[in-house]
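S.K.: this is a predicted model, with the sequence first.
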Amino acid sequence: MLSSDEEDFSEDEFGASDEGSEDSESTDTSSSQDHTGQTQASASRREEGERSLDGVEVQIEGDFNRLVQNIRIADDNSTTAVLGKDWDLNIEDQEAEFRNDLRAASGVGRKGGKRGRRPGVSLSPQVRALLGEGNQAYIDSNLQESIRIMQEVIRIEPRAQSAWTGLANCYEDLGQPQKALQLRIMGAHLHHDAEEWDRLARESRDLGFSQQALYCYGKVYSLDRSNINALWDRAALAKEIGDNRTARNSLIAILKRVPHDLTILEELRPILIELSDLALCASLYDTAFEYYSTTFPTGHGVHPETGADILGGGFALMELLVLADLYNTLNEHDKAVHVIRSGCRWLQGRAEQKFWDACEDDREYDETDFRVHASGRDRELPSGKYPLDVNARHRLAVARIKMRESEEGMMHANIVLSQDVSDYAPLFVEIADAYYELEMYAEARPIYELLGQDAGTSSLYILLQVARCCHMLGYLQDAAEVYESVLANDPSLNDAKMRLAGIYEVLNEPRKALDLVYQVIDSRKRRPRGVKGTSQSVDPSSTSLFEETTKKKGKAKALHRLTPAQLHELEKKKEDEVKRGYARVKELWPKMMLPVGSEGQQEAEREWIIEAEMLVETFRETRNLFLTSRNNPFRGMFPRRTRRKAAEDDEDDMASRLHLDIERDRFSHRVKKESTVEGVDNFRGVHFDDWLRLFMQYAFLLTKRGQYDLADEILNHILHSNAYEKQRDKLDTIRLALITCAIYVKRYSTVVEQCRKLVNIYQFNNEPLRLLTASLASGYRSTDSFITSTLQKHLFREIRLSDSAVKGRDTLKWNAGTRRWGLTASKSGEGDEVPEDEQVGPADEKVPAAELPTKDNPILATIYGQISLAAKSYQSAIFYLLHAYDYCPEDPMICLCLAIASMGRAMQRQADNRHHLITQAMAFLSRYRELRQADAHGMDEVEFNFGRAFQQLGLHSLAVRHYERVLEMAENRMEVNPNDVGIAREAAYNLSLIFVTTGATPLAEALYRRWLSL
């Protein structure tokens, strides 16, 4: 009944009084190492306490006045019952007023004079006479008369302390100790004696009045700030009854008087954790860590009682682990790493070795057998190889993993995981949980499996984590087996049932999934009212509540089965939604295409994206549009979502989707038996061509808004739709859209991947190769993708196939399954790499063979030579480019590439015919100029290339001449079109380099001002 009031007292009065002595408190803390300073601070604190004593007494008396205001004493014996009732009521109802009064009274103090007990109230002669009569009646053992008189005295003058005492004695003699105790507490408000309040607190505790005892202990401390025992008793009692806030306030008050005491911290830690006040707990431990590490720099100290030498002066490894755990829980992992590294170093007596803090890694505690050195790591400071406790290393592992420093984290984790799992099972679980939290499922799964193999370390949680990891890694069958074994032991886990149903859904086993969903629905309906949520706890005692009755699957199925009419009605409703959404998308498109910043453009774009997202997800969630068999076109509209939401909590919705699946499967079986049905050209009233246009527009807009990954996922998903599998032009359009988005964000690896697939599809066709070179036009990133080994090997296979087609057709064989020609000498087409996406039919399908080439293809050889040229493999480049020159000697590009390759080879040290190669390069360069002379607009390119060649050879005078011709041509063109600069800026830059190198700085500055300035 006093809990709220007492709680406010502890927070306000403690806080207010501590505020008043803030300076003395800080002085006491900061000078704890100096005995003289401690004495001065204690004296200052006592003096401050004396000055505030009157303020405390005013608070207590104000409390008394509030309690008395509503007490009405009657003449009969029921008066005391009313008194007790009012006591209970007023303490609880006036919490807010009490708190405000305490804050106001906290600043009241004595103006001066000698400290002493405040005199009682001056009693009138009438009251004194009544007190005498009452005392005489008590002496005569006339208790009822004495009670009546004392009540009359209290009615006239409530502040008559002797009346409360006499009334309490009467009830004590009547065998009513509880009433007597309440009356003594009322009188104690007028008699400011800390010992009296302490005695009342103990009596209240003995009678089981815990909240009342807490209230009295608070009064003890408010009157006697040096009484630490009262705070201990108060904290112990609050902890015993579960009043963590009061226990926290009392222990913190003790900690202010005895800073950094580890016993207090140990008591306070579980309370702060229970209150989720981890930040305060970490702050207290961190302050203590700093204090002990400063006070005992050697890492050892003397026990204050026994005099024995103890590690860290008492702040040992366990306290370091607690602090590291707090920081890891608060996601302040860098602080956890610092605590473990510096703390263990201090405990090992190496506190002066602060140079280890400069290392970003944990080489100080390396174990060579487990270290995997990273590139760029500072190797000047060797590994320290200092010992580290397994528990401390575990904290480092968790912190490093959660900081996404996987190399360091895995190094520490592997050391911990090499220990016996039965001895360190909790550490194994936390490491696995850290991996799981960061979606490192491949690393978490073996740890969970290791824990699950031993009965001593396995648990329901471990098995569920194994299943979740298998699910996330794509091992659906393994995940299903684990879930099945878990449910065999505990069939009440509805969360596991829903997850298993989702896996069955993906594995195309809708009947099993539907059966599980019905079990969950049946469990939900039989759950008693007032129980919220599904049974998801891993505690068997809590989940057993749902096992009281037997599930009736048959009735559930009959209850929830949808009729054909209901299925058609559901589909009709979804179709209407799609039509409305598509109409809105078309309506918004013109306004969305207005220039950025136009009125209404931004709002239209936002609404268009929302509507388009709904339509795209509707298409993608329809399983019938993404069948595993690629020979079945889309024949009907029985939609179903195969991509579940992250948390499927709507069992009814899932059940309806599974019903649609089952009905669709029945329909498909009937269709196969009757005849072959042609596919339809629309989905829910929207033509597939319009759907494709919507997908592309949505993907382009996502890419433009920085969401390329989502756009790429959508387009790749649409590639697998059987709505477009028979339409090669539509698939090509999707691939071109993928290439477009990848070029926009400079993901050239995707460009190469899609171009390779087009090369595979259109065998012996040069257009995909031209698309490849055009998409990788320039830049370092595109060059890196251009020279990848996978593309080189792919083009090399194409060269071999093309050469075999021209020179030996008997060595080729048509493969109807891959729709490609392959070499007969190889079982699989000589390693011909064909994506699964292009295997669109069985091997015996009658598909017309592609036409074989009749002459050599210079483009393949040229591109392969250019890849070698970009990779600075000049000798290989010359070989393939000479083949291309034989096939097409009139191509200026081939001649230019040969000139570059020859000159590049001449500059290499391995070249033994340097002059011959340079002569050859100039010959091909001259041939290139002859072939380009027919194009007057390309002569500046010719002059630039000649200038670049002479500049590389160091013939600067000749190079200057050609560069100046480029600038002259640009000047002439700019007279007609000022924006037609051509390649003048590139020529000016190279020319400026020559001028700077040769010391002609003024000429270089003139070029900068004319051509290279904004």
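M.R.: Perfect, I can see it now.

S.K.: low-confidence stretches in the stretch 51-200 of the chain?
M.R.: By pLDDT under 70, the low-scoring segments of the stretch 51-200 of the chain are 51-121.

S.K.: 80 instead, please
M.R.: 51-123, 126-127, 157-161, 187, 189-192 (pLDDT under 80).

S.K.: so which helix or strand of the protein has the lowest pLDDT on average?
M.R.: None of the helices or strands of the chain scores lower by mean pLDDT, DSSP states H and E than helix 540-543, at a mean of 34.

S.K.: could you measure from L1003 over to F946?
M.R.: 20 Å (C-beta to C-beta, to the nearest Å). (C-beta placed from N, C-alpha, C; glycine too.)

S.K.: ok, the two, which is more surrounded?
M.R.: Just comparing L1003 and F946: by other C-beta atoms under 10 Å the higher neighbour count belongs to F946, 23 against 16.

S.K.: just how off-centre is stretch 1004-1014 within its chain?
M.R.: 51 Å (C-alpha atoms, centre = their mean, to the nearest Å).

S.K.: next: stretch 1000-1012.
M.R.: For stretch 1000-1012, the distance to the chain centre is 54 Å (C-alpha atoms, centre = their mean).

S.K.: could I get the buried residue list for it?
M.R.: Buried residues in stretch 1000-1012, counting neighbours by 16 or more other C-beta atoms under 10 Å, are found at L1003, A1004, L1007, W1011.

S.K.: for stretch 331-346, same thing?
M.R.: By neighbour count with 16+ other C-beta under 10 Å, stretch 331-346 contains the buried residues 332-333, 335-337, 339-346.

S.K.: of the residues you listed, closest to Q908?
M.R.: Proximity of the buried residues of stretch 331-346 to Q908 (C-beta to C-beta) peaks at V337, which lies at 48.7 Å.

S.K.: tell me if that closest one really is in a strand.
M.R.: No. Remark: V337 does not belong to a strand; assigned using DSSP: H, G, I helix; E, B strand; the rest coil, it is helix.

S.K.: roughly how far does it sit from E360?
M.R.: Relative to E360, V337 is positioned 10 Å away (C-beta to C-beta).

S.K.: center of this protein - which residue?
M.R.: The chain has L438 as the residue nearest its centroid, 7.0 Å off, counting by C-alpha atoms, centre = their mean.

S.K.: wait, that residue sits on K402?
M.R.: Yes. If you go by C-beta atoms under 8 Å, L438 and K402 touch, sitting 6.7 Å apart.

S.K.: which helix is the longest one in this protein?
M.R.: The longest helix of the chain (DSSP state H) is helix 564-592.

S.K.: rewinding a little: okay, the buried residues of stretch 331-346 in CSV with pLDDT and distance to Q866 next?
M.R.: Below are these laid out as CSV (pLDDT from 0 to 100; distance: C-beta to C-beta, whole Å):
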residue, pLDDT, distance to Q866
E332, 90, 53
H333, 88, 48
K335, 90, 54
A336, 90, 53
V337, 90, 49
V339, 90, 57
I340, 89, 54
R341, 88, 52
S342, 88, 56
G343, 88, 59
C344, 90, 58
R345, 88, 57
W346, 86, 62
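
S.K.: now, which of these sits nearest Y744?
M.R.: H333 (36.2 Å).

S.K.: now for that closest one: which residues touch it?
M.R.: By C-beta atoms under 8 Å, 6 or more residues apart in numbering, H333 lies in contact with Y327, V398, A399, R400, K402, M403.

S.K.: how about the helices in the stretch 151-300 of the chain?
M.R.: Secondary structure of the stretch 151-300 of the chain (DSSP state H, counting those that start in this stretch): helices at 161-173, 177-188, 194-206, 210-223, 228-241, 244-257, 262-274, 278-295.

S.K.: how far off centre is stretch 278-291?
M.R.: Put simply, stretch 278-291 sits 26 Å off its chain's centre (C-alpha atoms, centre = their mean).

S.K.: does T287 touch H260 like I think?
M.R.: Yes. Using C-beta under 8 Å, T287 is in contact with H260, at 6.9 Å.

S.K.: pick out whichever of the two has more residues nearby.
M.R.: A direct count of neighbours by other C-beta under 10 Å for T287 and H260 places H260 higher, at 21 against 15.

S.K.: I'd say the more buried one and A288 touch.
M.R.: Yes. Counting by C-beta under 8 Å, A288 is a contact partner of H260 at 4.4 Å.

S.K.: ok, and the closest non-adjacent residue to L991?
M.R.: Nearest non-adjacent residue to L991, counting by C-beta to C-beta, 6 or more residues apart in numbering: Y963, 4.2 Å away.

S.K.: quick check, the one you found in a helix?
M.R.: Yes. Assessed by three-state DSSP, Y963 belongs to a helix.

S.K.: so who does it touch?
M.R.: Applying C-beta under 8 Å, 6+ apart, we find Y963 in contact with E943, F944, G947, A987, A988, N990, L991, I994.

S.K.: and the third one, what element?
M.R.: Using DSSP states H and E, G947 sits in helix 939-953.

S.K.: that helix: how far from the chain's middle?
M.R.: For helix 939-953, the distance to the chain centre is 55 Å (C-alpha atoms, centre = their mean).

S.K.: send the alpha carbons of it over as PDB?
M.R.: C-alpha atoms of helix 939-953 as PDB (Å, rounded to 0.1, in the frame of the first residue of the first chain):
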ATOM      1  CA  MET A 939      41.200  12.400 -89.800                       C
ATOM      2  CA  ASP A 940      41.600  14.000 -86.400                       C
ATOM      3  CA  GLU A 941      41.500  10.500 -85.000                       C
ATOM      4  CA  VAL A 942      44.200   9.400 -87.300                       C
ATOM      5  CA  GLU A 943      46.400  12.300 -86.400                       C
ATOM      6  CA  PHE A 944      45.900  11.800 -82.700                       C
ATOM      7  CA  ASN A 945      46.800   8.100 -82.900                       C
ATOM      8  CA  PHE A 946      50.000   9.000 -84.900                       C
ATOM      9  CA  GLY A 947      50.900  11.600 -82.300                       C
ATOM     10  CA  ARG A 948      50.300   9.100 -79.500                       C
ATOM     11  CA  ALA A 949      52.500   6.600 -81.200                       C
ATOM     12  CA  PHE A 950      55.400   9.000 -81.600                       C
ATOM     13  CA  GLN A 951      55.000  10.300 -78.100                       C
ATOM     14  CA  GLN A 952      55.300   6.700 -76.800                       C
ATOM     15  CA  LEU A 953      58.500   6.300 -78.800                       C
END
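
S.K.: in that helix, what's buried?
M.R.: Neighbour counts over helix 939-953 (16+ other C-beta under 10 Å) mark 940-953 as buried.

S.K.: out of the residues you listed, which is nearest to A583?
M.R.: Scanning these for proximity to A583, where the rule is C-beta to C-beta, the winner is E941, at 52.1 Å.

S.K.: what about stretch 313-328, average pLDDT?
M.R.: Averaging pLDDT along stretch 313-328 gives 88.

S.K.: mind listing the strands for the stretch 401-550 of the chain?
M.R.: Defined through DSSP state E, counting those that start in this stretch, the strands belonging to the stretch 401-550 of the chain form an empty list.

S.K.: can you check the stretch 551-700 of the chain too?
M.R.: Taking DSSP E, counting those that start in this stretch as the criterion, the stretch 551-700 of the chain carries its strands at 682-683, 686-687.

S.K.: each with direction, which strands does the first one pair with?
M.R.: Partner strands and pairing direction for strand 682-683 (DSSP bridges) are strand 686-687 (antiparallel).
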